[in-house]
Every structure is written in structure tokens, then in C-alpha cells.
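*Asks:* sequence and computational prediction follow.
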2 protein chains.
Amino acid sequence: MKAPALKRYLPFTDWLFHYKRENLSGDILAGVIVTIMLIPQSLAYAMLAGLPPEYGLYASIVPLFVYGLLGTSRTLSVGPVAVVSLLTATALTPFATPGSEQYIKLAMLLAAMTGVIQLALGLIRGGFVASLLSHPVVAGFITGSSVLILVSQLKHILGVKAAGGHLPYEAVISLVQAAPGTNFVTLAMGVGAIALLLFFRKPFRKLLQRFGLSANAAQMIARTGPALLVLAGMGAVAFFSLDNAYGVRVVGDFPTGLPGLTLPSLDLPVIGSLAPAALAIVLAGYVESVSVGRSLGAKRRQTIDPNQELVALGAANVASGFTGGFPVTGGFSRSVVNFDAGANTGLASMLTAVLIAVVTLALAPMFASLPQVVLAATVIVAVGGLINFRELLRLWKYSKADGALMGLTIVTVLGLGVEIGIGVGVGASLLLYLARSSRPHMAVVGRVGHSEHFRNVKRHEVQTYPGLLLLRVDENLFFANTRNIEDRLLKQVSEQPEIKNIVLIFSAVNYVDASALESLEGVIEKLRALGVTLHLAEVKGPVMDRFDKVGLIEHLKPGQVFLSTHRAVTALQGENPPSRSAKAA
Amino acid sequence: MKAPALKRYLPFTDWLFHYKRENLSGDILAGVIVTIMLIPQSLAYAMLAGLPPEYGLYASIVPLFVYGLLGTSRTLSVGPVAVVSLLTATALTPFATPGSEQYIKLAMLLAAMTGVIQLALGLIRGGFVASLLSHPVVAGFITGSSVLILVSQLKHILGVKAAGGHLPYEAVISLVQAAPGTNFVTLAMGVGAIALLLFFRKPFRKLLQRFGLSANAAQMIARTGPALLVLAGMGAVAFFSLDNAYGVRVVGDFPTGLPGLTLPSLDLPVIGSLAPAALAIVLAGYVESVSVGRSLGAKRRQTIDPNQELVALGAANVASGFTGGFPVTGGFSRSVVNFDAGANTGLASMLTAVLIAVVTLALAPMFASLPQVVLAATVIVAVGGLINFRELLRLWKYSKADGALMGLTIVTVLGLGVEIGIGVGVGASLLLYLARSSRPHMAVVGRVGHSEHFRNVKRHEVQTYPGLLLLRVDENLFFANTRNIEDRLLKQVSEQPEIKNIVLIFSAVNYVDASALESLEGVIEKLRALGVTLHLAEVKGPVMDRFDKVGLIEHLKPGQVFLSTHRAVTALQGENPPSRSAKAA
């Protein structure tokens, strides 16, 4: 069931041209609420990414508009998110000083690179790459990087300048060294802001409900909390001159106007060096985004197209790269808010984009007095909720291997950084899976009574035949398991010299790759040298077609291909003495 | 059936202490023949590896002895081989000038590193890593690197000095630039040597047979060809003063005596930089060795233990690193010769080791006049037989994906070098496999007649039930396919709003990893929000045990776990109106 091309590649054609009036109020409300929530978040995540805060707003205009048009999720809210901002900072810091002009250019380049990779992957329908990130790796990565983010913000809470460093532990050391210079006014504001934000998160909502507000209304109001805090912070700085009198750090210069269309710099060696980071952002950003989109879609029986999502996110990132932004993706918390507030179509995202543009133009002068510590508090509360060490225990209980994988990812992220962490996690998942599938299930089978059924000799009372080995392979044959199958087959033969014929039963084999073909050809030869003939049974059509193409059936002779195990036994029993009844040898 | 620990870890205890007299003549003959063959090869491969030729002999003494004691293959002949020598040269050239003292030290370090990795992998029974190298990647790697080796030797055939370069194409350019300086005496010797070696390979053997020799005897004699050529070359140089009169390059200084016990240098940053090369050598060397060992073993109904093979090769490489050698592995052609000459136990290898030591001591003065061009001819003829572009066509015919994989590996090896080539090949195999397994087979099933059997609705005339979806998953659930399953399940539900109950049939599911568990939990929630209940049927014991540990069964409620699909339908049919007969929707 393929969607028509137009609807598939330009999803907005499905809702924009025959927009339903009844969707409008939900879209407007959601657009407004998300804007209120996005302002402090975008400023804070820009700071986390090492950019001047205004770039957070820039990254929340055109990319949102583009995603609104091209995304298949009706409710996903795209923009700066914590983990991707951290990856951005990690990637760029070795090449330029955070906040510098060169750094900003590289951020735009990184966004454009991320976008191009996502677009390309989406167009070749490569959405499956998201499956490279297994759940333990994602969980470990999120917990590990949230801890890193939290640590990175502590310097703003203490009001000190700490240089950080290339590796995570260096950030901790420089923080400890700088701690004696703590600005206590800043610290008090930071602790207060965190407390307020936590209060807004749940107690305030419950309080409102106790005053008679509906759960939904209470939640909407509670969500304006961070924005109110930003306003209060700016007001306090302006009113008490906290910046000049007490040394509280503020955002400072905040340009008015919107960014123009800019070309990211095309510096080839730099592109090469940023490639691993771009890949990590593609993976991490896409996985977060798609899983949120899928969850929210399911609640309304809407499905998303993972490949078109890559295209939409790719286009959003390219747009971000050309309009003064940095890498963006679909954020978890904002998307939930968007959904709860009643977003029905991409129009909600597009409205948010317009509102952010208006805010950027109208409120720019005020943002100059925004205290950094308030932004840091916003980041800390946002990522604090993502740290989840309980999941480590749960996974360990479920499966030691999966638990160890999550633990390894956390440790690597904390010890060696986010990019290496994601790389090691993906590598370890693949090795673990390969180790698991390198020992496929195989069963020696025998005849059940006088029936035409054949079952595992270890589990059933079945009849076997001397000199005839019936071996059922229960998995597809491919490079990771083919050597193991070969070894086990040859071992059987070396242990039972009486075997003259072997029938491999392919009832569960849907695919035989070239490595397995090679192995099969080798096995035929090796067995022939020992006077043993290999036969096949129950080979499926597509597998047989491929065998035909390379003449395997010819090569098998005098071995034959039998339609069923029963026929194989009937045909080969003539060569073997009459049967005896047996159980597992 | 586990072998006793002693026999498993020290295989020689199985044959040395009760050595059978009847094995002796075969072992002696094989030891002598392999020695004759190994002398020119080891000198030539040392030159290919960028080392003075005597190091080839050093690498053919203690490592062979160690492998003879620890290897599980009775006939594998360990020592320098072409591909590993090329990998060694590629790895070391950026760090030191070939032939320099520093270069030799690094070669020993690389051997020791390779050995340590192999030992470690073997001891943790990690032999499955060999399955990382699929057949198309190995085939592409061998063909690509053989072309590289061939090109690298042409400068010796022309008798010119060509610098080569970091990338393969640079070697070609510098060769073309140096070509005008060709030494025609050297070129004539090179062409002659290649022609003679090709003549020894087959025509000479047939000629001997025509003169009445047995096929076996003819083969043995033909195999002394390369050694005779070496003798002839040395004689010609000495007799005609080819080196001084005609500028034919010779080996030159050739130290007498054997290498002492030396410690490889422990330079940590260098170790880090050499690690990828060591990994590539571990993989490439191990795969070649194990597949030869397995093939030869099978001919005599002997099996090899892949993990103990890693231990034995690891010990041989560590020994090589401490006795002036470079990375070694089991070679294809020599092992076949060893087998054909009648090697019965590791004693043949140990005898070869002793003989090589004797030759090194006795003939050292002669080797100084050995012309390099003869060694280059030896290498060219050896690798020429490994170039196999026909396999590319065959694989392409069998499966476009596998063919493309081999092509990609060849192109990467030729364009970017052996290490990157092997890395790209392994990465592409894994991605290809992941892409393949990310779309698992699933079937909507229905009841066959009034039986208790359920079959695919697309293939059989079966009965389905409105409001009840029976879905059989035909593969293990793991991180690569779990998202696809979730998407397809939710799509069914969004397309058929009448569905109230879904039964997932796990008859083919042997393993559910943590990612799939996570997805399953999510699906339960998502379906619940839509008023659909998820049930499971035919869950296998080990899978059920894990589910119990994390409370999934509780989480499933009111969904249930049914022993069979039949029971599920019987229980749930009450909630659904009576059945109707249907074929594929």
C-alpha cells in the first residue's frame, strides 16, 4: 500500500490545501503554548551548544516551518534539543572558541552537513540506520550525556568561568578549581530558579487543580513557568542592577533583527573532521525524533514514515544551516506539549515559527539583561529528568548482556565523551548481536512414528537411520553463522564415520548469502572427499532460484534436492540398511 | 563433548608424548619440503613487508615451533604470508623508513600486538569475530591487495627506485616516473624468473609425469623450483658480477647468526596508532589461517578448534615479536604442501623451524648475493594466482548485494589502502545485514478449516475473526527489527479500527533483546490508549522467564499469554462476534 508520491514526499499537500476549520483552534493554541515553552529552551540550548543565545531563536524559525511542511508527524515539535546541542558543542570546541565568529560558522556548517546526510539517507530509504542504536545504547547515551550536560552547567550556577576541556573529567577538574570564586548572588539565583522550575513541574499544577482548574488547563498554565522565570530574571537584573552591582553574568549584546540567508563555509578538511560528529547527530537526533513522533502518532492512529521523517529533518537542518542556526531535531517534551495542547497539523509548528520570529524582533533589547544562570537552571531541570540509572538495573535483571551494554555506554560517554560513547555503544551492540547469531539453532531430526513428520531427536522419540544424518537448520544462512554451521556439520561427520548421506533441511531458511553459498560449496567438496554425499530438502523458491544461477545444484551431484524430508528419507533409505528405532545419540 | 583442558589448551600433549613411529617419515618429508619452499618465500615476504630479507627467516623459526606445539591443525604451516606482509608494510611506513632500525623495532612491536590481541580473543573464546569478514569482503580484499602487492613489486622487476607513497595510486605514479631508469638486465632476469616460476607451477610437473614420475613425486620436485631459482640467481650474480658490472640490486649485507631475544619497544602513542593495523592483521590473518586449517582437517576427519587456533597464532606472533620477526599466520599454499607431503603432526612444523635455523646459520654468506628481482618474481607469481575478478561476476550473478560488496571492497582497497578497505568492507557487510534483518518476516494467520492449525492468510484459505488480529512473527526480536515490527503492527491497527484484540504468535521467537522488550512495552501502552489489547501466544520457556523478571506479563494485563494460538482464539472469540470465512484482506 504505497502512498501517492505527492503525499509521500510533500506531506503538507495532504492537509494544507483542504485545511479543516475545526483543526484551527487546536493548532493556534498549540502554536502559542509551544512558543512560550520554546523561548527559554532555545536560548538555553544555544548556550549549551556554545553559541550566543540568539542563535537558539534563529534555529527555531525556518527549521520549524520547513518541518511543518515536510514532516509526516502532525505533532512533532522540531528545534534545538539538549543532547544534540551537547554533541554540537563537543564537535566544534576543538576547532574554534565557543561564541566566536568561526565557531558560529562551523555550527551552521555542521547543521547543513547533518541535514545533507539525513536528506540523502531519507531519499535512499535508509531509515533503518536508526536501528543501529539499540535501546540499551540509547538509554546509556541519554543518561551519560545528561550527566555531562548537568556538569557543564554547574559553572553558570556557581557564576564562575571554568575552561572545561577536551575530556569530560577535565570539565570536573576545572570546575573544582574555579569553585572558590563562586558568586553567591548567582548561586542563590540558580538554586532558586531550579527550585521554582521543579515547583512548576508538578506541585504548582496540582495546586492549580486543587483551586478548581481542569487538569489540562492547570498543565498549560504550569508550562508557562519557565517563560515567566525568564521574564522575572530579566526584570530582577534590570531593577536591581544585579549585573553591575553583584557581578551576575547576563547574556549581554543581543542583536535586533533576523538573520539573513548565509552560506555555511565549505572547508573540506574541516568537513572531514566534523563528519563523525554529524553522523552521531544524525543518529541520535533521528532516533529521539522518530520515537516521539511514532508514540504521539499512535495515540491518534496516525503512522509516520521513518524515511520521510529523515527527509523532513534533513531539510530542516539544511535550512538551519543557511539561516544562522545549528543542528535541530524533534524534541521530546515540546512535542508532548504540542500534542496535549491540541496540535492537529503542521500549521501549529509553522505558527510557532512565525511567533518566534516576532518575539526575536520585538523582545531582543530585553534579552540582553537575561541572566545566564536562569538559562543554566532551565537546562539542568530539563536534563535532570533524563538521568535514569534505574533502567541500568532493570536491563541487567532482564539480560546481563543488555545491562552491560548500557553500562558500557554510560562509562564511555562519561569517560571519553559523547561521540566515542555512541560509537563504542553501536560497535558493542553489533558485536554482541553477531556473537549471538554466530551460533544458530540446528537440530538432528528423526521420523515421528510412521508419519511424514520429522522432529528433533533430543526432544522426541523418533526413528533415525544409520548412515543417514538429517540436519535441520533453523536460521537464515549468512556470513556470521556459516562457519559455525560448517564446523558443527564436519564435527558430526568426524565423530560418526558411518555417515554416508547428509540431508540439510532448509525449511526455515529464507536467505542464503554469498558467504554461506561459499561455505556450502566447500562443505560439499569436503564431504565428497570423505565419501559422504550432501543433499538438501525443503529448499524455498527464492533460495533455489539463486542456487540455480551459480550452478550449485549441478555441483551438489550426486547429491539431490528433495521436496520434503520424507521424500529424502524414502529415496536414500535404499542406500542405507533398514532403519532402527533410536533416541538422542 | 568438551575436550579435557590439557588437550584443549596444549594440543601437543595429545600427540607428542605418545608419538607414533608410523607418523615419522611423513613428518620428516613434509618438514624438509616446506623448508625448501619457505626459504625463498620468507625472504620475499620480508622484502614485501619492508624489512631486510633475513627477518623473513627469523619469523620462520620460533613462531613455527610454537604453533607446532599449540595449534589444533596438524598440517597448518605458519610463517610470513603475502597479505599480512603487505598490511605490515602499510601500517609501518608512515612511522619509519622501511628497512631502518626503527622500522624493524616497530615490526616486532606490531607482531607482539597482533599476538596479544589474538591470545586475548582466543582465551575469551572470541573466535566468532572472524565472522565479521564475510566471503565477498575477503574475496575483494584478497584480490585488491594482491593487485597492490603486484604493483609494489614492479619496481624491483624494472630495477628502479620508486618511493611509493601513502596511497596506492601514488605508488603507480612514482613507478611510472621512475620507469625511464629501467635496468634492462634486471628486467630480463625478472621476466625470466617469472616465466620459470610459472613453468615450474604446472608444465614442468606435467613434463616430469610424462617422463614416468608419479604425480606426487612430480609435484614434490616441481615445488623445489623457487628454491633452485634462488640458488641460480645467487650463482649468476656471483659468477657474472651482475651486481657490480650491471647494477643488478642484490640483498647485500646478510648477518650471520640467529637473532637473540629482544623486547619490542613499548611506546604507548605508537601502540595506539598501530592498533587498527594490528586489528586488521588479526582478522585477515586469522580468517586465512582458520579456513585453510579447516579445509585440510576435514580431509582427514580432523576438526580444529577456532578459539585454540587464535591462542596458537597469538603465541606464535608474540614469539615472533620477541625473536626478531614480524606478523605471521598460516599460509595457504605452504599448508597444502605440508599436507600433501604427508605431515601428520606438529612435528613437521617444528622440524621446518629447526631446518630454517640451520639454513640461516649455514647459508647466510651466500644470501648477500641474492638478486632482489628474484624475490620480487617469487612474490608476483604467488599473488598473481590470488587475483580473481571472475568471483566478482559470479557473486554479482548470485546476489547483487554480495557482488556490490566485493566490488566496493576492491575499489576501497585499491583507492584508499588495505586497512580502510577492510574497515569499509566490514562496515558495509554489517549495514547490509542489518538492512536485511530490519524487515523481518511476519504473517497474519487464520485457522485452517476446523483444525487447530493456523496459517498465513496470504497463502492459505483460512478463517479469520473480526476484531481479532493473529500475527505470527517469524524471527527473533532484536534491536534491528523491533522498530519495523512496531510500525507494521500500529499500521494494521490504524487501518483496521475494528481490531480490539491482537495476538502475537511467538512460535519462532527464541530471543527477545532489551530493545525489543522496550518496544513491546511501548506497543502495549499505545494499543491500550486505542482500546486494543495485546496478547501473546506460544511463548518459549527462556523468553517467558525473562519476561517474568521484568514484570512484562503483569504489564500486559488484561492481555494474556496463551499456550497456543488455538487457545487464544477460543478464549478471545467470546469477546468477538462469531467468525466469518475470509481470505487475504
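*Replies:* Perfect, thanks for sending it.

*Asks:* where is the longest helix in chain A?
*Replies:* Looking across chain A with DSSP state H, the single longest helix is helix A:268-299.

*Asks:* so where's chain A uncertain?
*Replies:* Chain A contains residues with pLDDT under 70 at A:1-4, A:164-166, A:574-585.

*Asks:* how is it carved up into domains?
*Replies:* Listed domain ranges for chain A are A:25-430, A:442-582 (source: automatic domain parsing).

*Asks:* what about the first one and chain B, touching?
*Replies:* Yes. Domain A:25-430 lies within reach of chain B by C-beta under 8 Å from any C-beta of the partner chain, at A:126, A:128-136, A:290, A:294-295, A:297-299, A:301-303, A:306, A:394-395, A:397-399, A:402-403, A:405-406, A:429-430. Quick note: C-beta positions are derived from backbone N, CA and C, even for glycine.

*Asks:* same thing with the shortest one?
*Replies:* Yes. Among the residues of domain A:442-582, A:478-484, A:486-487, A:490-491, A:493-495, A:497, A:508, A:510-511, A:513-515, A:517-519, A:522, A:526, A:529-530, A:546, A:549-550 lie within reach of chain B under C-beta under 8 Å from any C-beta.

*Asks:* so which strand or helix has residue A:571?
*Replies:* helix A:565-573 (DSSP states H and E).

*Asks:* which elements pack onto that helix?
*Replies:* Under the contact criterion of 3 or more C-beta pairs under 8 Å, 6 or more residues apart in numbering or on different chains; DSSP states H and E, helix A:565-573 touches strand A:442-447, strand A:454-456, strand A:468-473, strand A:501-505, strand A:533-537.

*Asks:* can you redo the ones you listed as CSV with mean neighbour count?
*Replies:* Shown next, in CSV, are these (neighbours: other C-beta atoms under 10 Å in any protein chain shown):
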stretch, mean neighbour count
strand A:442-447, 20
strand A:454-456, 20
strand A:468-473, 22
strand A:501-505, 25
strand A:533-537, 22
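
*Asks:* out of those, which comes closest to residue B:198?
*Replies:* strand A:533-537 (35.4 Å; C-beta to C-beta).

*Asks:* quick check: angle from the closest one to strand A:501-505?
*Replies:* 30 degrees (axes from the mean of the first three to the mean of the last three C-alpha atoms, to 10 degrees).

*Asks:* so what touches strand A:533-537?
*Replies:* Identification of contacts with strand A:533-537 by C-beta atoms under 8 Å, 6 or more residues apart in numbering or on different chains yields A:500-507, A:523-524, A:527, A:556, A:558-565, A:567-568, A:572.

*Asks:* among the residues you listed, name the buried ones.
*Replies:* A:500-506, A:523-524, A:527, A:556, A:559-562, A:565, A:568, A:572 (16 or more other C-beta atoms under 10 Å in any protein chain shown).

*Asks:* quick one: secondary structure of residue A:190?
*Replies:* Of the three states, residue A:190 takes helix according to DSSP: H, G, I helix; E, B strand; the rest coil.

*Asks:* isn't it right up against residue A:377?
*Replies:* Yes. The criterion here is C-beta atoms under 8 Å, and residue A:190 meets it with residue A:377 at 5.6 Å.

*Asks:* who's more crowded, those two?
*Replies:* residue A:377 (29 against 25; other C-beta atoms under 10 Å in any protein chain shown).

*Asks:* surely that one is in a helix?
*Replies:* Yes. Under three-state DSSP, residue A:377 falls within a helix.

*Asks:* how much space between it and chain B?
*Replies:* Using C-beta to the nearest C-beta, to the nearest Å, residue A:377 is found at 31 Å from chain B.

*Asks:* my guess is that residue contacts residue A:187. True?
*Replies:* No. Contact criterion C-beta under 8 Å: residue A:377 and residue A:187 do not qualify, at 11.1 Å.

*Asks:* tell me, what's touching the two both at once?
*Replies:* residue A:157.

*Asks:* the spatially closest residue to residue A:481 that is not a sequence neighbour in helix, strand or coil?
*Replies:* Residue nearest to residue A:481 in three dimensions, not counting chain neighbours: residue A:440, with 4.3 Å by C-beta to C-beta, 6 or more residues apart in numbering or on different chains. Following three-state DSSP, the label given to residue A:440 is coil.

*Asks:* and residue A:440, what does it touch?
*Replies:* A:473-475, A:477, A:481, A:484-485.

*Asks:* do the same with residue A:27
*Replies:* A:342-345, A:347-348, A:351.

*Asks:* just say helix, strand or coil for it.
*Replies:* Classified using three-state DSSP, residue A:27 is helix.

*Asks:* repeat that for residue A:494.
*Replies:* Secondary structure assignment for residue A:494 (three-state DSSP): helix.

*Asks:* that one and residue B:303 touch, don't they?
*Replies:* Yes. Residue A:494 lies in contact with residue B:303 (C-beta under 8 Å); the separation is 5.5 Å.

*Asks:* look at those two and report which has more neighbours.
*Replies:* Per other C-beta under 10 Å, whichever of residue A:494 and residue B:303 has more neighbours is residue B:303, with 19 against 16.
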